[in-house]
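Student: Please find the sequence and the predicted model below.
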2 protein chains.
Amino acid sequence: MPDRVRVRPACVEDGPKILAMLTDLASFEGAPHHPHLSHEVLQRDVFGLSPKLRIMVAEGKPATLVGIVVCFENYSTWEGRVGIHITDLWVEPEARGQGVGETLIEEVIALHPQERIDAFVLRENKARWFYEHLGFVEQKEWCLYRRAAGDR
Amino acid sequence: MPDRVRVRPACVEDGPKILAMLTDLASFEGAPHHPHLSHEVLQRDVFGLSPKLRIMVAEGKPATLVGIVVCFENYSTWEGRVGIHITDLWVEPEARGQGVGETLIEEVIALHPQERIDAFVLRENKARWFYEHLGFVEQKEWCLYRRAAGDR
């Protein structure tokens, strides 16, 4: 598979497809509506002067996107340095089972060989085994607590 | 309590006490050694030109630090905007039971009224009920997976 897809940083032209894939991911996860991420927000937070998110895309042949991984930088006071949080991973249904997701995650690891890498995975999602296969370990002792965003 | 402690952003002079409190926190959580966070790293990642962490301190009277909360910015593609991750909260043993922790978290909420706020809490820690009291909800459907940092 790695010889058939190319992983590269997202560019502005990928915007519509990125939004479509993140919408499909939200739907897959049972979200009640579209993500609030918009074209304008993507331009600002991914492609702007002060990026908040890094997006890598997997490009098949011909030049169509078949997958995406979305990360941001976090921080561990324990490690005393930044780490990486993988917030979204998506592979198009027709491209599954061919190693695209693995290629995307391996690229994140290759770009950040020294950093601790975190990902939240839905408890019922088969992707749990996928992450374990790639060397991730479930942190069973930690619970995630969340205070919802205020009114928009 | 709020009239007896003042919450303010950490300053360079707080560094040694911050490191001491984070060391006590790591010990409380059963960590096998000190955090790797050092004086030099604190200067760079908290007080430098490109901060990675925000630290708020609770100052008692006389001017001694009795608590600390440490945050970084995260990102939600679902919300389409940044959020806050609370990575450390510590109140000195002699100052507990007086609302210092609550005052610190409420300050984070007041500074970020629109943002989603996350915190990891140890499953066996009584702080779980503390966070619930402050409007945080356990996200039971998500598991945290982690790939350890590489060799230092």
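Tutor: Everything's here; your move.
Student: Wait, A:Val70 touches B:Trp78, no?
Tutor: No. Using CB atoms under 8 Å, A:Val70 makes no contact with B:Trp78, being 11.0 Å away. Every C-beta, even on glycine, is put in place using the N, C-alpha and C of the backbone.
Student: what about those two, which has more around it?
Tutor: Under the criterion of other CB atoms under 10 Å in any protein chain shown, the comparison of A:Val70 against B:Trp78 puts A:Val70 first, with 25 against 21.
Student: Excluding covalently adjacent residues, which one is nearest to the more buried one?
Tutor: In this structure, A:Val70 finds its nearest non-sequential neighbour in A:Asp88, 3.9 Å apart by CB to CB, 6 or more residues apart in numbering or on different chains.
Student: element containing that neighbour?
Tutor: A:Asp88 belongs to strand A:81-91 when assigned by DSSP states H and E.
Student: try A:Gly101
Tutor: helix A:100-111.
Student: is that helix up against chain B anywhere?
Tutor: Yes. Residues of helix A:100-111 contacting chain B under CB under 8 Å from any CB of the partner chain: A:Ile109.
Student: okay, that helix in CSV with CA atoms only?
Tutor: C-alpha atoms of helix A:100-111 as CSV (Å, rounded to 0.1, in the frame of the first residue of the first chain):
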residue,chain,number,x,y,z
VAL,A,100,-3.9,3.6,4.6
GLY,A,101,-4.7,4.4,8.2
GLU,A,102,-1.5,2.7,9.3
THR,A,103,0.5,4.7,6.8
LEU,A,104,-1.0,7.9,8.1
ILE,A,105,-0.3,7.1,11.8
GLU,A,106,3.2,5.9,10.9
GLU,A,107,3.9,9.2,9.2
VAL,A,108,2.8,11.1,12.4
ILE,A,109,5.2,8.9,14.4
ALA,A,110,8.0,9.4,11.9
LEU,A,111,7.5,13.2,12.1
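Student: I'd like to know which elements it is packed against.
Tutor: Contacts defined by 3 or more CB pairs under 8 Å, 6 or more residues apart in numbering or on different chains; DSSP states H and E place helix A:100-111 against strand A:6-9, strand A:54-59, strand A:65-76, strand A:81-91, helix A:127-133.
Student: mind listing what's buried in it?
Tutor: Under the neighbour-count criterion of 16 or more other CB atoms under 10 Å in any protein chain shown, helix A:100-111 has A:100-101, A:103-105, A:107-109 buried.
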